[in-house]
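A.B. asks: structure, please.
(one chain, ligands or ions: 1)
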Amino acid sequence: MFHTILIANRGEIAVRVITTARAMGIRTVAVYSDADRDALHVALADQAVHIGGPAPRDSYLRGDRIIEAARTSGAQAIHPGYGFLSENPEFVDAVEGAGLTFIGPSAAAIRAMGLKDAAKSLMQEAGVPVVPGYHGENQDPEHLAGAADAIGYPVLIKAVAGGGGKGMRRVERPQDFNEALESAKGEAATAFGNETVLIEKYVEKPRHIEVQVFGDGTSAVHLFERDCSLQRRHQKVIEEAPAPGMTEAMRAAMGQAAVRAAEAIGYKGAGTVEFIVDGARGLRTDGFWFMEMNTRLQVEHPVTEAITGVDLVEWQLRVAAGEALPARQQDLTITGHAFEARLYAEDVPAGFLPATGTLDHLHFPPGARIDSGIRRGDTISPWYDPMIAKVITRGPTRAVALARLRAALEGAQIAGSVTNRDFLGALTRHAGFAAGDVDTGLIARDIDSLTAAPATPVETVALAALATRAEGDAKSLAGFTLWEPHWQRVVLQDGETTYDCTLARLPDGGIGIRIDGAELRGERRGGAWWINGGKATGEACVTGGRVSVFGARTVHFTLIDPLAVEADTGAAGGVILAPMPGLVKAVFVAVGDTVEKGTRLAVLEAMKMEHTLAAGRDGVIGEVLVEAGAQVEAGAALIVLEEIDD
Ligand code: ADP
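C.D. replies: Numbers count the residues shown, from 1 in each chain. The predicted structure is shown next:
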């Protein structure tokens, strides 16, 4: 076994690998960028090596520096995690060239699965079902349109080098084909430097079911399936194992196909074979097709660990060190059911806009496995994926595991950034999801109800107001010795709504709360707040100038100084600012253009996504301060919108 390994990654996956390595008695070396000097993975590793600036291309993608760090720290092997260099065959060659072990598959296996078209051909030869379509060399638009006609609409255009849902377009009708082809190619060219596409039958009511495989370079086993159908814009949101409605026959067919795929390329280590499944007719052994193989450990691997009891990172280390496959197929079994929810700093109603911030408060209830690279007080920087944590629960049945996931999310307290916590919580309460009726379109269909923000109950406002007046830790009544019997004013703002509250200690020891005409009575009993005789739902937490109430829904109030003069916001919307640091991809307007509310003004690429900046009102373009290709800071003025002169 190795005595020292280096982890060429950051965040939760680096922490995940360190945890298992440590449990196996293996020393760990972390690498870090300027942005990660104080990160958890650096604190946990036995040794840490600085490798460069915050941009991934200056650090986590610098294979040369990472290999040098392994050499100088005495590491014998490199674990790539996921993302960054994990599926880069040149990096694997360089690692092996330096006499080190790459904890993962061979460069040849990664290359074989690197492009979707070549992978599909290879799989077809290996007898693995692939989605009907055209994945040949002829890229002539007319030929591709002809292929689409032959396949039958709707079709999906996919970049062969694609990933993360980029370079993908669904086309409903032949007359829309050419435009969709152009835009898919354009996106693929910018994102991957390769505009080759393939055309596939669009599977109706699709389910994404993938199979975890594990190989030793010759033979492979599978560790059953994961259902990752809950997606937004082709990105996974909640994953589970096993798949709802899975039959033994279907599981055997999919498992065998996945093992065939892995063995066809002499796969070594942990990998995932992704299938698309036709959910419209129920799960049928003739209704699943190979999509692609991910030649690395996946983000969602913990749900497989939860139902099989296998530590996949331990298996990775053992097989990389030369051991045989740790189990035979017949030794592997499924116990219970597991879910994983990906908790992100992002603004869901704003279109899943990635967010940043310092998490002044971060707390998870017991009862769930939390995989995270973030601690209280850490900052979500704009440089990397804004993941806060993966929340993983298991149970003897799907219903129990789901109830635990809901409880874990509702008990999670995060202040300092907007998050998708409430959206994930709403998904756990979705009737169709609870019934196991999942497909990749579920979120898009029900996005309005999943993001609906009901009016804030007055009790929640009262709880927030009480928390602001409790001294320090609200858990003891002693905190109220400073309370005066006269009324004190607390002004709280929640979005557009301002609540003017007054509080005072009542002669009977309770606390009176008046909010815009309503009168309530608060009381501290048994370590909890009671309002009007009922136990308050949720917990309030005061950080800086904000009060957050965490319950089924999170409400972040801003504390307003009652004496402060109201700021004049008359000019709002006149200057279009960059919402985050990023690259200006396109500017669609010029000085003097008349635009309507909603007109697209520019596209900003930031945090792996494109964000369209639109006019907030009608107006005339007064100034254009940037051009395409410019790198801008958060808050940079991009475009000035002036009033229309009559
Ligand atoms: P990427 O590599 O960009 O993630 P994938 O090929 O893995 O692209 O596909 C991503 C998602 O797109 C899938 O999980 C599925 O939801 C959807 N998808 C892919 N192929 C099809 C298809 N032929 N029909 C319907 N949906 C599809």
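
A.B. asks: just after the helix or strand bottoming out on mean pLDDT in the chain, pick out the following helix or strand.
C.D. replies: Ranked by mean pLDDT, DSSP states H and E, the helix or strand of the chain with the weakest confidence is strand 609-614, at a mean of 74. Following strand 609-614 in sequence order, the next helix or strand is strand 619-624 (DSSP states H and E).

A.B. asks: roughly how far is the helix or strand following that following strand from the heart of the chain?
C.D. replies: Later in the chain than strand 619-624, the nearest helix or strand by DSSP H and E is strand 631-632. Distance, stretch centre to chain centre, for strand 631-632: 24 Å (Cα atoms, centre = their mean, to the nearest Å).

A.B. asks: can you name the next helix or strand after strand 631-632?
C.D. replies: By DSSP H and E, the next helix or strand past strand 631-632 is strand 637-642.

A.B. asks: got the buried residues for that next one?
C.D. replies: 638, 639, 640, 641 (16 or more other Cβ atoms under 10 Å). C-beta here means a position set from N, CA and C on the backbone, and glycine is covered the same way.

A.B. asks: what is it packed up against?
C.D. replies: Applying 3 or more Cβ pairs under 8 Å, 6 or more residues apart in numbering; DSSP states H and E, one finds that strand 637-642 makes contact with strand 575-577, strand 600-606, strand 619-624.

A.B. asks: avg pLDDT for the longest strand seen in the chain?
C.D. replies: Longest strand in the chain by number of residues (criterion: DSSP state E): strand 220-232. Mean per-residue pLDDT for strand 220-232: 97.

A.B. asks: what's the answer for stretch 102-120, then?
C.D. replies: Mean predicted lDDT for stretch 102-120 stands at 95.

A.B. asks: only the buried residues of that stretch, if you could.
C.D. replies: Counting neighbours by 16+ other Cβ under 10 Å, stretch 102-120 gives 102-107, 109-117, 119-120 as buried.

A.B. asks: next one: stretch 500-517
C.D. replies: Under the neighbour-count criterion of 16+ other Cβ under 10 Å, stretch 500-517 has 501, 503, 505, 511, 512, 513, 514, 515 buried.

A.B. asks: look up phi and psi at the closest residue to residue 77 other than its chain neighbours.
C.D. replies: Nearest residue to residue 77, sequence neighbours excluded (Cβ to Cβ, 6 or more residues apart in numbering): residue 101, at 3.9 Å. When read as degrees, to the nearest 10, the backbone of residue 101 gives phi -100, psi 130.

A.B. asks: residue 101: neighbouring residues, count only.
C.D. replies: 19 (other Cβ atoms under 10 Å).

A.B. asks: that one contacts residue 79, correct?
C.D. replies: No. Using Cβ atoms under 8 Å, residue 101 is not in contact with residue 79; the gap is 9.7 Å.

A.B. asks: of all the helices and strands packed on strand 637-642, which one is nearest residue 181?
C.D. replies: When those are compared by Cβ to Cβ, strand 600-606 sits nearest residue 181, at 19.8 Å.

A.B. asks: other SSEs contacting that closest one?
C.D. replies: Under the contact rule (3+ Cβ pairs under 8 Å, 6+ apart), strand 600-606 is packed against strand 582-587, strand 609-614, strand 637-642.

A.B. asks: which outside residues touch it?
C.D. replies: Here strand 600-606 makes contact (Cβ atoms under 8 Å, 6 or more residues apart in numbering) with 354, 382, 576, 578-589, 595, 610-615, 621, 626, 632, 638-639.

A.B. asks: so for the nearest residue to residue 389 once chain neighbours are set aside, what's the pLDDT?
C.D. replies: Nearest residue to residue 389 in three dimensions, chain neighbours excluded: residue 372, at 3.7 Å (Cβ to Cβ, 6+ apart). You'll see residue 372 listed with a pLDDT of 98.

A.B. asks: what about residue 372, how many residues nearby?
C.D. replies: The burial count for residue 372: 19, using other Cβ under 10 Å.

A.B. asks: now do the strands in the stretch 301-450 of the chain.
C.D. replies: 337-344, 346-347, 353-354, 357-358, 361-363, 369-371, 379-380, 387-395, 413-415 (DSSP state E, counting those that start in this stretch).

A.B. asks: can you list the strands that the first one pairs with?
C.D. replies: Spelled out, that is strand 337-344. strand 235-241 (antiparallel), strand 387-395 (antiparallel) (DSSP bridges).

A.B. asks: which ones are touching the nearest residue to residue 390 once chain neighbours are set aside?
C.D. replies: Among residues not flanking residue 390 along the chain, residue 371 sits closest, at 4.4 Å (Cβ to Cβ, 6+ apart). The neighbours of residue 371, taking Cβ under 8 Å, 6+ apart as the test, are 12, 15, 16, 302, 389, 390, 392.

A.B. asks: who wins for proximity to the ligand among the helices and strands packed on strand 600-606?
C.D. replies: strand 609-614 (13.2 Å; Cβ to the nearest ligand atom).

A.B. asks: can you tell me which of the strands paired with strand 337-344 is nearest to the ligand?
C.D. replies: That would be strand 235-241 among the strands paired with strand 337-344, by Cβ to the nearest ligand atom, at 7.5 Å.

A.B. asks: re the thing from before, most widely separated two among the contacts of residue 371?
C.D. replies: The widest separation within the contacts of residue 371 (Cβ to Cβ) is 13.9 Å, between 15 and 392.

A.B. asks: can you pull the domain assignment for this protein?
C.D. replies: Per automatic domain parsing, the domain ranges recorded for the chain read 4-103, 132-201, 206-451, 458-560, 572-642.

A.B. asks: dump those into CSV; add distance to the ligand as well.
C.D. replies: Converted to CSV, the domains of the chain look like this (distance: least, Cβ to the nearest ligand atom, whole Å):
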stretch, distance to the ligand
domain 4-103, 11
domain 132-201, 4
domain 206-451, 4
domain 458-560, 28
domain 572-642, 12
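
A.B. asks: kindly reformat those domains as TSV containing distance to residue 125.
C.D. replies: Rendered in TSV, the data for these read as follows (distance: least, Cβ to Cβ, whole Å):
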stretch	distance to residue 125
domain 4-103	21
domain 132-201	13
domain 206-451	8
domain 458-560	51
domain 572-642	34
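
A.B. asks: nearest to residue 126 among those domains would be which one?
C.D. replies: Residue 126 lies closest to domain 206-451 among the domains of the chain, at 3.9 Å (Cβ to Cβ).

A.B. asks: how long is that closest one end to end?
C.D. replies: End-to-end distance of domain 206-451 (Cα to Cα, to the nearest Å): 23 Å.

A.B. asks: and for stretch 54-67?
C.D. replies: Where stretch 54-67 begins and where it ends lie 18 Å apart, using Cα to Cα.

A.B. asks: follow-up on the earlier one: okay if I get the helices and strands packed on strand 600-606 as CSV plus distance to residue 63?
C.D. replies: Shown next, in CSV, are the helices and strands packed on strand 600-606 (distance: least, Cβ to Cβ, whole Å):
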stretch, distance to residue 63
strand 582-587, 23
strand 609-614, 26
strand 637-642, 35
